[in-house]
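In: one predicted model, sequence on top.
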Amino acid sequence: MVTDPPLGPGSAPSRFPVAGSVAALALSAHPGPALVVTTIAALLAAAARLPLPVVVCVAGGVAAGQLVIGWVNDLVDRTRDRAAARADKPLATGRIGAGPVRAAALLAGGVCVVLSLAAGRPSGLVHLVLGVGAGLAYDLGLKATVWSWLPYAVAFGTLPAVASLAGDSPAWPPWWAMAAGAALGVGAHILNALPDLAADLRTGVRGLPHRLGARTGRIAATGLLVAASLLAALGSGHRPPPWVWGMLPAVAGLAVLALTGRGRLPFRAALGIALLDVVLLVGSG
């Protein structure tokens, strides 16, 4: 049985009210990115004109899958997070124990399977195998290798398919929509890792962002984000409506933040571009 290593002197967790435990559990699930990915899935499903119950199943399945990936990530990384003194990680600080997080991950996993398959078997299998499966592969080992980018490319690249394959008339999305998702995912991965490069290297994590370095990684990530937006706006080959052109300056502004910002700001800019890209995908047809 795997047990948590003991906390340092004076850091043993005390009894917290239920509200505090719930907040710690929610924080362990990486709620910001999970909310953005869920919103993207819901918007794509709505844009596909799926019935409301199917939209709910798509969004709910993706939300549950994101919770599973987030909780497993913090469970696997809790020793590293302690070594790096990550105050934003409840498992590392002792605000919550591994048991409740494991139980929540198992429960969310069951909900994810039920809702994903309820949206339609093709959609459900793509989400469970390529979406959640890729996220768990990252958590369980690929994060520390040169292949750390691959789970993001697969999971984000197939997210449009989770929506288009749902319902009674499943169909694969066009290649450029999936390519836009993949580019967006890899760019977001690089920017998310930048603030923790030094701490990750000390604990043995050498993913693609660590091998690129901060400067090269920031440039590469920004280029990927811009490429994703151009694919979303122009990939269909049809003339987009005028308002699509009006959104590209907003993408450019967020790209500047991704290139020049510090701390978590570049990653937040990437999440903003992700939401804009969904609107661009819908607008471009």
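Out: Perfect, thanks for sending it. Numbering: from 1, shown residues only.

In: mind showing which ranges of the chain have poor pLDDT?
Out: 1-18, 284-285 (pLDDT under 70).

In: repeat that with 50
Out: Within the chain, the stretches with pLDDT under 50 are 1-14, 16.

In: domain map for the chain?
Out: 20-166, 174-285 (automatic domain parsing).

In: name the element the residue lying closest to R86 once chain neighbours are set aside belongs to?
Out: The shortest distance from R86 to any non-neighbouring residue, by Cβ to Cβ, 6 or more residues apart in numbering, is to A92 (5.0 Å). Using the backbone N, CA and C atoms, a C-beta is placed for each residue, glycine as well. According to DSSP states H and E, A92 maps onto helix 90-93.

In: alpha carbons of the next helix or strand after that helix, as PDB, please.
Out: Where DSSP H and E defines the elements, the next helix or strand beyond helix 90-93 is helix 98-118. Coordinates of each C-alpha in helix 98-118 appear next as PDB, following Å, rounded to 0.1, in the frame of the first residue of the first chain:
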ATOM      1  CA  ALA A  98      -4.800  11.300  -0.200                       C
ATOM      2  CA  GLY A  99      -7.800   9.100   0.800                       C
ATOM      3  CA  PRO A 100     -10.500  11.700   0.000                       C
ATOM      4  CA  VAL A 101      -8.800  12.600  -3.200                       C
ATOM      5  CA  ARG A 102      -8.600   9.000  -4.300                       C
ATOM      6  CA  ALA A 103     -12.200   8.400  -3.500                       C
ATOM      7  CA  ALA A 104     -13.300  11.600  -5.300                       C
ATOM      8  CA  ALA A 105     -11.200  10.500  -8.400                       C
ATOM      9  CA  LEU A 106     -12.800   7.100  -8.400                       C
ATOM     10  CA  LEU A 107     -16.300   8.600  -8.100                       C
ATOM     11  CA  ALA A 108     -15.600  11.100 -10.900                       C
ATOM     12  CA  GLY A 109     -14.200   8.300 -13.100                       C
ATOM     13  CA  GLY A 110     -17.500   6.400 -12.800                       C
ATOM     14  CA  VAL A 111     -19.500   9.500 -13.600                       C
ATOM     15  CA  CYS A 112     -17.200  10.200 -16.600                       C
ATOM     16  CA  VAL A 113     -17.800   6.800 -18.100                       C
ATOM     17  CA  VAL A 114     -21.500   6.900 -17.700                       C
ATOM     18  CA  LEU A 115     -22.000  10.400 -19.100                       C
ATOM     19  CA  SER A 116     -19.400  10.000 -21.900                       C
ATOM     20  CA  LEU A 117     -21.100   6.900 -23.200                       C
ATOM     21  CA  ALA A 118     -24.500   8.400 -22.800                       C
END
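
In: neighbours around the residue nearest to R86, how many?
Out: A92 has 23 neighbours, counted by other Cβ atoms under 10 Å.

In: in this structure it contacts R82, no?
Out: Yes: between A92 and R82 there is a contact under Cβ atoms under 8 Å: 4.6 Å.

In: that older thread, ok, the residue nearest to R86 - contacts?
Out: R78, D81, R82, A84, A85, R86 (Cβ atoms under 8 Å, 6 or more residues apart in numbering).

In: and for G261?
Out: Residues counted as contacts of G261 (Cβ under 8 Å, 6+ apart) are A269.

In: cool, the one 10 residues further on as well?
Out: With contacts defined as Cβ under 8 Å, 6+ apart, L271 is in contact with G32, P33, V36, A188.

In: could you work out the most separated pair of those?
Out: Using Cβ to Cβ, the contacts of L271 span at most 11.6 Å, a distance reached by G32 and A188.

In: helices or strands next to the biggest helix by length in the chain in the packing?
Out: Identified as the longest helix of the chain according to DSSP state H is helix 52-83. When contacts are defined as 3 or more Cβ pairs under 8 Å, 6 or more residues apart in numbering; DSSP states H and E, helix 52-83 packs onto helix 18-28, helix 31-47, helix 90-93, helix 98-118, helix 133-139, helix 159-164.

In: next, the buried residues of that helix.
Out: Buried residues in helix 52-83, counted by 16 or more other Cβ atoms under 10 Å: 54-78, 80-82.
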